[in-house]
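Participant: Sequence and predicted model, in that order:
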Amino acid sequence: MRATAVRRTALAASAAALALMVTACGGSSDADAKDGKDDKGAAGGSSSAPKAPAKALTAAELEKATLAQGDVEGRKVTKAGPDDEVPADGVTVDKKECLPVAHAMYGVAQKGSVATTKRKVIDEPKKTDGKKSLEDLAEGGAEDAFKDAFNLTSTFVALNSYEGTAGPDAFAALKKAAADCAGGFTATVAGTTTKFASVTEEKVTGGDESAAWTVTSDDGGDQAPFKLVALRKEGSVATFFAFNLAAAGGGVKFEVPTEVVAAQDKKLA
């Protein structure tokens, strides 16, 4: 695929992520939202049913357990701002059983949440060889340079504290919705409609239970993969929604952001 085609496909596929993610050259905000292991496990993640209703972390406790700059090597961690907020009634789907998946993608808390924090975690740009000649770029190097420049993963992390059994219930509802919506669904957020062609299980471990999926968007035949992860530790549930712009062109393999998940798991331990 020519570099211009890769760029056109990638930019079109990234439209669904613009409402909640920041690219490598984007800014950040100090304003917080409401308040504010490796992937070798079994398919569908890990599970450990709670023995008793959990006590919700307070807003202060949740903030302390939230990812901060320095927690994930090679990534920049910033607080989400007002522009990253999506209210529950701002998300609609064509299949009501898929709403928990759409909510998780856009960081919307489920019933029973008492505190929320949100973060944006972005890969730091990799050092590149600035000595490539115009001849190198003309001989296919331009496409490689484009892929390298945009081979950065942005992950939107929402951490919610739930009272009683609301956390396990929210996690279970998301897993069921992902299974029910394996064949895809359509979501509308802030007036923008995005078709998702499939929801496919991935591998992840962590917390008392965890699960992961690849959610593939489809824009007139141009497909782009997103990674969605959910991790529950007692009454707290973290969701991770990740996107890699270069992967939208099909030339870069895009993995579940396991290092980000592991860092959040560690802070909840």
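Facilitator: Yep, that arrived. Predicted model only: the values in this text are computed from it and were never measured. Numbers count the residues shown, from 1 in each chain.

Participant: which SSE is A102 in?
Facilitator: Following DSSP states H and E, one finds A102 within helix 99-105.

Participant: Same check on F171?
Facilitator: In the assignment (DSSP H and E), F171 maps to helix 166-180.

Participant: Give the rounded mean pLDDT of the next helix or strand after that helix.
Facilitator: Note on helix 166-180: by DSSP H and E, the next helix or strand toward the C-terminus is strand 185-189. Averaging pLDDT along strand 185-189 gives 97.

Participant: Provide the contact partners of the next helix or strand after strand 185-189 at residue level.
Facilitator: Using DSSP H and E, the helix or strand that follows strand 185-189 in sequence is strand 192-202. When contacts are defined by CB atoms under 8 Å, 6 or more residues apart in numbering, strand 192-202 is touched by residues 15-16, 19, 39, 43-44, 101, 178, 181-188, 211-219, 223, 227-229, 256. All C-beta spots, glycine's among them, are computed from the backbone N, C-alpha and C.

Participant: what lines up beside the helix or strand hosting L228 in the sheet?
Facilitator: In the assignment (DSSP H and E), L228 maps to strand 222-233. Its sheet considered, strand 222-233 pairs with strand 209-219 (antiparallel), strand 236-244 (antiparallel) by DSSP bridges.

Participant: Next, the buried residues of the last one.
Facilitator: Buried residues in strand 236-244, counting neighbours by 16 or more other CB atoms under 10 Å, are found at S236, V237, A238, T239, F240, F241, A242, F243, N244.

Participant: Tell me the one of those nearest N160?
Facilitator: Distance to N160 across the buried residues of strand 236-244 (CB to CB) is lowest for V237, with 5.3 Å.

Participant: Could you pull up the residues touching the closest one?
Facilitator: Applying CB under 8 Å, 6+ apart, the residues contacting V237 are Q110, L159, N160, Y162, G167, A170, F171, A230, L231.

Participant: picking that back up, with distance to K95 and pLDDT as added columns, please give the buried residues of strand 236-244 in CSV.
Facilitator: Conversion of the buried residues of strand 236-244 to CSV gives the following (distance: CB to CB, whole Å; pLDDT from 0 to 100):
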residue, distance to K95, pLDDT
S236, 28, 98
V237, 22, 98
A238, 25, 99
T239, 19, 99
F240, 23, 99
F241, 19, 98
A242, 23, 98
F243, 22, 96
N244, 27, 93
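
Participant: Farthest pair within those residues?
Facilitator: The largest separation in the buried residues of strand 236-244, counting by CB to CB, is between S236 and N244 at 26.5 Å.

Participant: which of the contacts of V237 count as buried?
Facilitator: Q110, L159, N160, Y162, G167, A170, F171, A230, L231.

Participant: Which one of those is nearest to L67?
Facilitator: After measuring those against L67 - CB to CB - the closest member comes out as L159, at 8.0 Å.

Participant: May I have the phi/psi pair for the closest one?
Facilitator: The phi/psi pair for L159 (degrees, to the nearest 10) reads phi -120, psi 120.

Participant: distance of it from L57?
Facilitator: Distance of L159 to L57, given as CB to CB, to the nearest Å: 9 Å.

Participant: re earlier: determine the set of other helices and strands touching the helix holding F171.
Facilitator: Here helix 166-180 touches helix 99-105, strand 153-162, strand 209-219, strand 222-233, strand 236-244, going by 3 or more CB pairs under 8 Å, 6 or more residues apart in numbering; DSSP states H and E.

Participant: let's see it at 10 Å
Facilitator: Where contact means 3 or more CB pairs under 10 Å, 6 or more residues apart in numbering; DSSP states H and E, helix 166-180 is packed against helix 99-105, strand 113-123, strand 153-162, strand 192-202, strand 209-219, strand 222-233, strand 236-244.

Participant: tell me how far the helix holding A102 is from the chain's mean position?
Facilitator: From the chain centre to the centre of helix 99-105 is a distance of 11 Å (CA atoms, centre = their mean, to the nearest Å).

Participant: All set, thanks.
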